[in-house]
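Pasting the sequence and the predicted coordinates here, then a few questions.
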Amino acid sequence: LNLHHNRIRIISSSSLANLPYLLTLDLSSNQIPGLIETAFQSNRLLERLILSSNQLPAVPKAIRHLYNLKYIYLEANRIKSVSASDFRGLFNLQDLVLLSNPQLSYIHKDAFKDLTSLRTLMIGYCSLQTIDSNLFKNKDLQAVGLYSNPWKCDCRLKWLWYWMSITNTTFVYQYDIKCMTPSLYEG
């Protein structure tokens with residue numbers, strides 16, 4: 001169901017109630033400032049959810065019971081952080097796109113713990129300075145986008161450079177993964 005560019009601001013519990021077999025929902029480029037927790041309660045079979053280019057300040061709690069979800073696109077929102085519970089239970093999630101969330105500066109070390117099927121992770125064009133090594137633990141990632149973040153290349157991030165050198169994971173725009181600080185390593 002393609003509902004992009006419709007100036008939608010609210011998705012109520014009943015908005016999609018008559019679509020229990022819905023597999024794909026595109027709500028991109030609307031004006032959604034948030035979603036109530038029950039927004040997708042009737043859409044448990046949803047596999048692809050596109051919430052890009054809205055005004056979401058956080059990962060919506062409405063996705064927590066979408067256990068069939070394989071692809072979620074949350075780029076170009078106002079997400080500031082990712083908590084340990086934001087993606088809990090989404091074992092089938094394969095692609096997670098959080099690109100272009102300029103206020104995103106923190107991802108909890110256990111945020112992707114349950115994402116055992118995760119293959120693609122895009123977190124470029126955010127404000128991340130560091131990330132914990134647990135984020136990628138026990139993951140068989142095929143593609144990762146870390147580019148265009150203001151990385152603070154200190155001892156806490158040393159693991160990342162080592163992992164990048166030994167993994168088979170493809171790093172999208174690898175040459176745009178640059179240190180911002182300390183000035184000794186800038187660029």
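Here it is on my side, so go on.

Work out which residue lies at the spatial centre of this structure.
Nearest to the geometric centre of the chain sits residue 98, at 3.6 Å (C-alpha atoms, centre = their mean).

ok, that one touching residue 126?
Yes. Residue 98 sits in contact with residue 126 when judged by C-beta atoms under 8 Å, with a separation of 6.9 Å. Using the backbone N, CA and C atoms, a C-beta is placed for each residue, glycine as well.

what's the overlap in contacts for those two?
Here residue 98 and residue 126 have residue 104 as joint contacts, going by C-beta atoms under 8 Å, 6 or more residues apart in numbering.

Which elements pack onto the lowest-mean-pLDDT helix or strand in the chain?
For the chain, scoring each helix and strand by mean pLDDT, DSSP states H and E identifies strand 179-181 as the least confident one, at a mean of 89. Applying 3 or more C-beta pairs under 8 Å, 6 or more residues apart in numbering; DSSP states H and E, one finds that strand 179-181 contacts strand 151-152.

after the strand it packs on comes which helix or strand?
Sequence order places helix 158-166 as the next helix or strand after strand 151-152, per DSSP states H and E.

Format the CA atom coordinates belonging to that following helix as PDB.
Output in PDB follows, covering the C-alpha atoms of helix 158-166 (Å, rounded to 0.1, in the frame of the first residue of the first chain):
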ATOM      1  CA  LYS A 158      39.700   1.100  17.900                       C
ATOM      2  CA  TRP A 159      37.700  -2.200  17.600                       C
ATOM      3  CA  LEU A 160      35.800  -0.800  14.600                       C
ATOM      4  CA  TRP A 161      38.900  -0.200  12.400                       C
ATOM      5  CA  TYR A 162      40.200  -3.700  13.300                       C
ATOM      6  CA  TRP A 163      36.800  -5.300  12.500                       C
ATOM      7  CA  MET A 164      36.600  -3.400   9.200                       C
ATOM      8  CA  SER A 165      40.000  -4.900   8.200                       C
ATOM      9  CA  ILE A 166      39.000  -8.600   8.900                       C
END
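
after that helix comes which helix or strand?
strand 170-171.

Outside of that following strand itself, list whatever touches it.
142-146, 164, 177.

Recalculate using a threshold of 10 Å.
Residues outside strand 170-171 that contact it (C-beta atoms under 10 Å, 6 or more residues apart in numbering): 120, 141-147, 164, 177.

Most neighbours among these, which one?
Each of the contacts of strand 170-171 was scored for neighbours by other C-beta atoms under 10 Å, and residue 144 scores highest at 25 neighbours.

what residues are up against it?
The contact partners of residue 144, by C-beta under 10 Å, 6+ apart, come to 118-124, 135-136, 163-164, 167, 169-172, 174, 177.

That one sits in which helix or strand?
Going by DSSP H and E, residue 144 is part of strand 143-145.

Pick the one among the contacts of strand 170-171 closest to residue 131.
Nearest to residue 131 out of these is residue 146 (C-beta to C-beta; 8.0 Å).
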